[in-house]
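**Q** Return a 3D structure for these sequence lines:
(one chain, ligands or ions: 1)
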Amino acid sequence: MKKISPKLTRAIQKSSAKKVQRPTPAQRRRVEEIFTRFSKASPNPKGELYYKNPFTLLVAVVLSAQATDVGVNKATHKLFTLADTPEKMLELGEPSLRALIQTIGLFRTKAKHIIGLCRILLDEFSGQTPQSREALMSLPGVGRKTANVVMNIAFHKPTIAVDTHIFRLSNRLPLAQGKTPQEVEDGLMALIPERFLLHAHHWLILHGRYVCKARNPECSRCIIFDLCSSEEKTSNLISAVK
Ligand code: SF4
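**A** Next up is the predicted model:
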(Lines give C-alpha, C1' and ligand atoms only; values in the text may rest on other atoms or scores of the structure.)
Protein backbone atom coordinates (compact mmCIF):
# COMPACT_ATOMS: atom_id res chain seq x y z
CA MET A 1 0.00 0.00 0.00
CA LYS A 2 1.27 3.43 -0.90
CA LYS A 3 2.36 5.44 2.13
CA ILE A 4 0.76 8.82 2.74
CA SER A 5 3.38 11.53 2.62
CA PRO A 6 4.11 13.45 5.84
CA LYS A 7 2.98 16.65 4.09
CA LEU A 8 -0.44 15.16 3.25
CA THR A 9 -0.78 13.71 6.74
CA ARG A 10 -0.18 17.16 8.22
CA ALA A 11 -2.72 18.69 5.83
CA ILE A 12 -5.38 16.10 6.83
CA GLN A 13 -4.70 16.65 10.52
CA LYS A 14 -4.92 20.39 10.07
CA SER A 15 -8.20 20.31 8.19
CA SER A 16 -9.83 17.80 10.60
CA ALA A 17 -8.63 19.53 13.77
CA LYS A 18 -11.43 21.38 15.56
CA LYS A 19 -10.88 25.11 15.41
CA VAL A 20 -10.54 26.60 18.88
CA GLN A 21 -12.83 29.63 19.23
CA ARG A 22 -11.28 32.83 20.55
CA PRO A 23 -12.90 33.65 23.90
CA THR A 24 -15.04 36.80 24.10
CA PRO A 25 -14.14 39.56 26.60
CA ALA A 26 -17.01 38.42 28.87
CA GLN A 27 -15.73 34.82 28.81
CA ARG A 28 -12.24 36.06 29.63
CA ARG A 29 -13.51 38.02 32.64
CA ARG A 30 -15.43 35.00 33.94
CA VAL A 31 -12.44 32.67 33.54
CA GLU A 32 -10.18 35.22 35.20
CA GLU A 33 -12.55 35.31 38.18
CA ILE A 34 -12.81 31.50 38.38
CA PHE A 35 -9.04 31.04 38.51
CA THR A 36 -8.49 34.00 40.82
CA ARG A 37 -10.78 32.27 43.32
CA PHE A 38 -9.00 28.92 42.88
CA SER A 39 -5.62 30.59 43.37
CA LYS A 40 -6.74 32.41 46.53
CA ALA A 41 -8.25 29.25 48.01
CA SER A 42 -5.18 27.14 47.20
CA PRO A 43 -2.09 29.16 46.21
CA ASN A 44 0.18 26.11 45.83
CA PRO A 45 -1.91 23.12 44.84
CA LYS A 46 -0.18 19.74 44.82
CA GLY A 47 -0.90 16.45 43.11
CA GLU A 48 -1.63 13.45 45.30
CA LEU A 49 0.69 10.86 43.75
CA TYR A 50 3.76 9.92 45.81
CA TYR A 51 7.09 10.34 43.97
CA LYS A 52 10.74 11.14 44.68
CA ASN A 53 12.10 12.45 41.38
CA PRO A 54 10.98 12.85 37.73
CA PHE A 55 11.56 9.14 37.03
CA THR A 56 9.43 7.92 39.94
CA LEU A 57 6.74 10.46 38.99
CA LEU A 58 6.72 9.00 35.47
CA VAL A 59 6.35 5.47 36.88
CA ALA A 60 3.62 6.57 39.31
CA VAL A 61 1.64 8.24 36.53
CA VAL A 62 1.95 5.15 34.29
CA LEU A 63 0.65 3.08 37.22
CA SER A 64 -2.22 5.48 37.87
CA ALA A 65 -4.04 4.80 34.58
CA GLN A 66 -7.50 3.51 35.54
CA ALA A 67 -6.44 3.33 39.19
CA THR A 68 -6.78 5.68 42.17
CA ASP A 69 -3.86 7.75 43.46
CA VAL A 70 -4.39 6.25 46.92
CA GLY A 71 -4.12 2.71 45.54
CA VAL A 72 -0.98 3.58 43.56
CA ASN A 73 0.66 5.25 46.58
CA LYS A 74 0.16 2.13 48.69
CA ALA A 75 2.34 0.17 46.27
CA THR A 76 4.88 2.83 45.32
CA HIS A 77 6.11 3.68 48.82
CA LYS A 78 7.80 0.28 48.97
CA LEU A 79 8.63 0.15 45.24
CA PHE A 80 10.46 3.48 45.22
CA THR A 81 12.48 2.52 48.29
CA LEU A 82 13.85 -0.36 46.26
CA ALA A 83 13.98 1.28 42.83
CA ASP A 84 14.02 5.04 42.24
CA THR A 85 16.11 5.05 39.04
CA PRO A 86 15.82 3.17 35.72
CA GLU A 87 18.96 1.15 36.59
CA LYS A 88 17.55 -0.02 39.92
CA MET A 89 14.18 -0.81 38.33
CA LEU A 90 15.88 -3.07 35.76
CA GLU A 91 17.91 -4.71 38.54
CA LEU A 92 14.68 -5.32 40.42
CA GLY A 93 13.33 -7.08 37.32
CA GLU A 94 9.85 -7.57 35.90
CA PRO A 95 8.71 -10.50 38.15
CA SER A 96 9.55 -8.60 41.37
CA LEU A 97 8.03 -5.40 39.99
CA ARG A 98 4.84 -7.31 39.14
CA ALA A 99 4.66 -8.68 42.68
CA LEU A 100 5.06 -5.19 44.19
CA ILE A 101 2.32 -3.61 42.07
CA GLN A 102 -0.12 -6.52 41.93
CA THR A 103 -2.79 -4.58 43.86
CA ILE A 104 -3.02 -2.09 40.96
CA GLY A 105 -5.30 -2.76 37.98
CA LEU A 106 -3.61 -3.92 34.74
CA PHE A 107 -0.41 -4.56 36.71
CA ARG A 108 1.03 -7.09 34.25
CA THR A 109 0.83 -4.69 31.29
CA LYS A 110 2.05 -1.80 33.41
CA ALA A 111 5.06 -3.79 34.67
CA LYS A 112 5.98 -4.61 31.07
CA HIS A 113 5.69 -0.95 30.08
CA ILE A 114 7.80 0.23 33.02
CA ILE A 115 10.59 -2.24 32.29
CA GLY A 116 10.41 -1.26 28.60
CA LEU A 117 10.58 2.45 29.32
CA CYS A 118 13.53 1.96 31.70
CA ARG A 119 15.50 0.29 28.89
CA ILE A 120 14.73 3.19 26.53
CA LEU A 121 15.59 5.80 29.17
CA LEU A 122 19.00 4.16 29.62
CA ASP A 123 19.64 3.51 25.90
CA GLU A 124 18.40 6.80 24.47
CA PHE A 125 18.17 9.39 27.24
CA SER A 126 21.24 8.66 29.41
CA GLY A 127 18.96 7.42 32.16
CA GLN A 128 17.22 10.82 32.45
CA THR A 129 13.50 11.44 32.16
CA PRO A 130 13.00 13.60 29.05
CA GLN A 131 11.20 16.92 29.30
CA SER A 132 9.52 17.15 25.90
CA ARG A 133 6.09 15.75 25.11
CA GLU A 134 7.34 14.00 21.97
CA ALA A 135 10.14 12.21 23.81
CA LEU A 136 7.91 11.23 26.72
CA MET A 137 5.24 9.91 24.35
CA SER A 138 7.83 7.73 22.62
CA LEU A 139 8.02 5.64 25.82
CA PRO A 140 5.83 2.54 26.28
CA GLY A 141 2.67 3.17 28.31
CA VAL A 142 3.03 6.95 28.03
CA GLY A 143 0.23 8.82 26.26
CA ARG A 144 -0.44 12.52 26.00
CA LYS A 145 -2.13 12.73 29.41
CA THR A 146 0.78 11.04 31.20
CA ALA A 147 3.30 13.19 29.35
CA ASN A 148 1.40 16.35 30.31
CA VAL A 149 1.33 15.38 34.00
CA VAL A 150 5.08 14.70 34.05
CA MET A 151 5.88 17.93 32.18
CA ASN A 152 3.69 19.94 34.54
CA ILE A 153 4.67 18.48 37.90
CA ALA A 154 8.30 17.47 37.35
CA PHE A 155 9.37 20.21 34.94
CA HIS A 156 6.92 23.04 35.74
CA LYS A 157 5.63 23.38 32.18
CA PRO A 158 2.19 24.94 31.62
CA THR A 159 0.35 21.82 30.45
CA ILE A 160 -3.11 20.51 31.22
CA ALA A 161 -3.61 16.75 31.46
CA VAL A 162 -7.28 16.16 30.80
CA ASP A 163 -8.40 13.29 33.01
CA THR A 164 -11.97 12.23 33.76
CA HIS A 165 -12.42 15.01 36.38
CA ILE A 166 -11.17 17.84 34.16
CA PHE A 167 -13.13 16.51 31.18
CA ARG A 168 -16.37 16.46 33.19
CA LEU A 169 -15.82 19.80 34.94
CA SER A 170 -14.74 21.64 31.82
CA ASN A 171 -17.81 20.45 29.89
CA ARG A 172 -20.17 20.96 32.83
CA LEU A 173 -19.21 24.43 34.07
CA PRO A 174 -18.66 25.04 31.19
CA LEU A 175 -15.13 26.19 30.53
CA ALA A 176 -13.98 24.55 27.31
CA GLN A 177 -16.38 22.02 25.87
CA GLY A 178 -15.28 19.14 23.67
CA LYS A 179 -16.01 15.56 22.75
CA THR A 180 -12.44 14.36 23.28
CA PRO A 181 -9.75 15.09 25.89
CA GLN A 182 -7.66 16.75 23.20
CA GLU A 183 -10.48 19.14 22.25
CA VAL A 184 -10.95 20.08 25.90
CA GLU A 185 -7.20 20.48 26.40
CA ASP A 186 -6.89 22.76 23.35
CA GLY A 187 -9.89 24.80 24.49
CA LEU A 188 -8.55 25.19 28.03
CA MET A 189 -5.10 26.17 26.80
CA ALA A 190 -6.65 28.91 24.67
CA LEU A 191 -9.01 30.08 27.42
CA ILE A 192 -7.02 30.11 30.66
CA PRO A 193 -4.82 33.18 31.24
CA GLU A 194 -1.12 32.34 31.08
CA ARG A 195 -0.41 33.24 34.68
CA PHE A 196 -2.82 30.52 35.87
CA LEU A 197 -1.72 27.79 33.45
CA LEU A 198 0.93 26.16 35.64
CA HIS A 199 -1.51 25.32 38.43
CA ALA A 200 -4.76 25.12 36.41
CA HIS A 201 -4.35 21.36 36.01
CA HIS A 202 -4.32 20.78 39.79
CA TRP A 203 -7.08 23.23 40.62
CA LEU A 204 -9.42 21.64 38.10
CA ILE A 205 -8.61 18.05 39.12
CA LEU A 206 -9.02 18.75 42.83
CA HIS A 207 -12.25 20.70 42.30
CA GLY A 208 -13.64 17.88 40.12
CA ARG A 209 -12.50 15.16 42.50
CA TYR A 210 -13.71 16.65 45.79
CA VAL A 211 -16.45 19.21 45.00
CA CYS A 212 -17.85 18.95 41.48
CA LYS A 213 -18.18 15.17 41.69
CA ALA A 214 -19.61 13.08 38.89
CA ARG A 215 -22.86 12.01 40.55
CA ASN A 216 -23.60 14.52 43.28
CA PRO A 217 -21.70 17.78 42.83
CA GLU A 218 -21.45 19.56 46.19
CA CYS A 219 -22.72 22.89 44.87
CA SER A 220 -23.48 24.27 48.33
CA ARG A 221 -19.74 24.49 49.11
CA CYS A 222 -18.56 25.42 45.62
CA ILE A 223 -16.44 28.58 45.51
CA ILE A 224 -17.39 29.25 41.88
CA PHE A 225 -21.11 28.57 42.34
CA ASP A 226 -22.24 31.93 40.94
CA LEU A 227 -19.99 31.49 37.87
CA CYS A 228 -21.32 28.04 36.98
CA SER A 229 -24.12 27.66 34.46
CA SER A 230 -24.41 23.90 34.60
CA GLU A 231 -27.89 22.37 34.38
CA GLU A 232 -26.76 19.84 36.96
CA LYS A 233 -26.18 22.69 39.39
CA THR A 234 -29.77 23.90 38.95
CA SER A 235 -31.35 20.44 39.38
CA ASN A 236 -29.15 19.87 42.41
CA LEU A 237 -30.48 23.03 44.05
CA ILE A 238 -34.09 22.22 43.17
CA SER A 239 -33.75 18.80 44.76
CA ALA A 240 -32.18 20.41 47.83
CA VAL A 241 -35.13 22.86 48.14
CA LYS A 242 -37.72 20.06 47.86
S1 SF4 B 1 -21.82 24.89 41.19
FE2 SF4 B 1 -22.00 22.67 41.34
S3 SF4 B 1 -22.01 21.93 39.20
FE4 SF4 B 1 -21.18 24.05 39.21
S5 SF4 B 1 -18.95 23.82 39.37
FE6 SF4 B 1 -19.75 24.07 41.44
S7 SF4 B 1 -20.04 21.99 42.18
FE8 SF4 B 1 -19.87 21.86 39.95
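**Q** make it CA atoms for all contacts and neighbour counts henceforth
**A** Noted.
**Q** Quick check: residues of the protein near the ligand?
**A** Residues of the chain lying close to the ligand by CA under 6 Å from any ligand atom are 173, 211-212, 217-219, 222, 224-225, 228, 230, 232-233.
**Q** repeat that for 5 Å
**A** Residues of the chain found near the ligand, taking CA under 5 Å from any ligand atom as the criterion, are 212, 217, 218, 219, 222, 225, 228, 233.
**Q** what's the closest non-adjacent residue to the first one?
**A** Once its chain neighbours are removed from consideration, residue 212 has its nearest residue in residue 218; the separation is 6.0 Å (CA to CA, 6 or more residues apart in numbering).
**Q** Run a quick neighbour tally on the one you found.
**A** Counted by other CA atoms under 10 Å, the residues lying close to residue 218 total 16.
**Q** how about low-confidence regions in the chain?
**A** Applying pLDDT under 70 to the chain flags the ranges 1-19, 234-242.
**Q** out of the residues of the chain next to the ligand, who's nearest residue 177?
**A** Sorting these by how near they are to residue 177, with CA to CA, puts residue 228 at the top with 13.6 Å.
**Q** and the closest residue to that closest one other than its chain neighbours, how many residues sit next to it?
**A** Leaving aside its chain neighbours, residue 228 sits nearest to residue 173 (5.1 Å; criterion: CA to CA, 6+ apart). Residues lying near residue 173 (other CA under 10 Å) number 19.
**Q** List the residues that contact residue 173.
**A** Under the criterion of CA atoms under 8 Å, 6 or more residues apart in numbering, the neighbours of residue 173 are 228, 229, 230.
**Q** Report the buried members of those residues.
**A** Among the contacts of residue 173, those classed as buried by 16 or more other CA atoms under 10 Å are residue 228.
**Q** Name the nearest residue to the most centrally placed residue in the chain, ignoring sequence neighbours.
**A** Closest residue to the average C-alpha location of the chain: residue 161 at 2.9 Å, with CA atoms, centre = their mean. Leaving out its chain neighbours, the residue that sits closest to residue 161 by CA to CA, 6+ apart is residue 145, at 4.7 Å.
**Q** try residue 131
**A** Counting by CA to CA, 6+ apart, residue 131 lies nearest to residue 151, which is 6.1 Å off, once chain neighbours are set aside.
**Q** picking that back up, closest to the ligand out of the contacts of residue 173?
**A** Comparing these against the ligand with CA to the nearest ligand atom places residue 228 closest, at 4.6 Å.
**Q** Between the residues of the chain next to the ligand, identify the one with the most neighbours.
**A** Top of the residues of the chain next to the ligand by neighbour count (other CA under 10 Å): residue 212, with 24 neighbours.
**Q** you'd agree it is up against residue 219?
**A** Yes - applying CA atoms under 8 Å, one finds residue 212 in contact with residue 219, separated by 7.1 Å.
**Q** Just the strands from this structure, written as ranges.
**A** Secondary structure of the chain (DSSP state E): no strands located.
**Q** Please parse it into its domains.
**A** The record's domain parsing of the chain by automatic domain parsing lists 23-43+159-229, 54-155.
**Q** Could you report the separation of the closest residue to residue 49 other than its chain neighbours from the ligand?
**A** With sequence-adjacent residues excluded and distances taken as CA to CA, 6+ apart, residue 49 is closest to residue 69, at 5.5 Å. According to CA to the nearest ligand atom, to the nearest Å, residue 69 stands 22 Å off from the ligand.
**Q** Take the residues of the chain next to the ligand and keep only those in helices.
**A** The helices in this structure, assigned by DSSP state H, contain residue 233 from those.
**Q** For this protein, which segments count as helices?
**A** Along the chain, the segments classed as helices by DSSP H run 6-16, 25-41, 54-63, 69-82, 86-92, 94-100, 107-124, 133-137, 144-155, 164-172, 181-191, 197-210, 231-241.
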